[in-house]
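> Coordinates only, no sequence provided:
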């Protein structure tokens, strides 16, 4: 039996009097793409922050390849998990070129020399389907889709094993969303990268993921294949999310 890359066991998080997460169990297999979907406030982002180590759980444990993380993670443990956020511009310094953003990580964390770092930065851009010449561009000169690709390249620069994409396409138009989701699928296949895709957009999750977990009120209330959730919802929350999709309502 394959050991999960990451496993959450009975994770609970409390914000004052509010339970943000309540005994959540989740396992992510190597080289898989798992979707987390739910309404705003369902606990999706808190779950991501527990996985990255930003929020300590009040109860439960996070295991990496079968071994529990300690209270404080090492630099190597932090490097293994990277996040791509909804707003890529917020994570990119507008005063630095794309090349400078990438080479800083490559020299500091992966110990590349200056020339090798620039060459590796160009390779990273090609990996996310951007021209290598973009190393000299500033984030302000890029489109939203291009900035998101740079943010993905930035995450890949430290060679993570798990990539968390938190609402990565919500600020993009439909056509660009599809190309970003296609990129995630390609990266998982080519690099063996495990991806956790978090979104309120069930159609995006359905497109990119085979395995979907539905969150509601701090719990994972359903976990199934995309086809099962769309065709035979096992919970009311799963059914409610499907009914909320406009195009499906019009077809009904």
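Received, thanks. Note that this is a predicted model, so its numbers are computed, not measured. Residues are numbered from 1 along each chain as shown.
> Please make it C-alpha for all contacts and neighbour counts, starting now.
Noted.
> Compute the first-to-last residue distance for stretch 55-75.
16 Å (C-alpha to C-alpha, to the nearest Å).
> Enumerate the positions of that stretch that are buried.
56, 57, 60, 61, 62, 63, 64 (16 or more other C-alpha atoms under 10 Å).
> Repeat that for stretch 107-115.
So for stretch 107-115, counting by 16+ other C-alpha under 10 Å, buried means 107, 112.
> And that stretch, end to end?
Terminal-residue distance, stretch 107-115 (C-alpha to C-alpha): 10 Å.
> now residue 144: how far from residue 3?
Counting by C-alpha to C-alpha - residue 144 and residue 3 are separated by 37 Å.
> Could you do residue 127 as well?
Residue 127 is 28 Å from residue 3, by C-alpha to C-alpha.
> which of those two has more neighbours?
residue 127 (19 against 13; other C-alpha atoms under 10 Å).
> low-confidence ranges in the stretch 101-250 of the chain?
In the prediction, the stretch 101-250 of the chain carries residues with pLDDT under 70 at positions 233, 246-250.
> residue boundaries of the helices in it?
Counting by DSSP state H, counting those that start in this stretch, the stretch 101-250 of the chain has helices at residues 114-127, 144-156, 174-191, 202-208, 226-231, 236-243, 246-251.
> Let me know which of the ones you listed is the nearest to residue 167.
helix 202-208 (9.8 Å; C-alpha to C-alpha).
> Let me know the distance separating the nearest residue to residue 86 once chain neighbours are set aside from residue 76.
Counting by C-alpha to C-alpha, 6 or more residues apart in numbering, residue 86 lies nearest to residue 168, which is 4.4 Å off, once chain neighbours are set aside. Per C-alpha to C-alpha, residue 168 is found 25 Å from residue 76.
> Same drill for those two, tell me which one is more crowded.
residue 168 (24 against 11).
> The more buried one against residue 85, yeah?
Yes. Residue 168 is in contact with residue 85 according to C-alpha atoms under 8 Å; the separation is 5.6 Å.
> give me phi/psi at residue 68?
According to degrees, to the nearest 10, the main-chain angles of residue 68 amount to phi -70, psi 140.
> Please list all residues in contact with it.
61, 62 (C-alpha atoms under 8 Å, 6 or more residues apart in numbering).
> which residues does the closest residue to residue 234 other than its chain neighbours bridge with?
Distance criterion C-alpha to C-alpha, 6+ apart; nearest residue to residue 234, sequence neighbours excluded, is residue 222 at 7.1 Å. Beta-bridge pairing for residue 222 (DSSP bridges): residue 214.
> ok, for residue 3, nearest residue in space, not its chain neighbours?
residue 65 (6.2 Å).
> Would you agree the one you found is in contact with residue 5?
Yes. Between residue 65 and residue 5 there is a contact under C-alpha under 8 Å: 4.7 Å.
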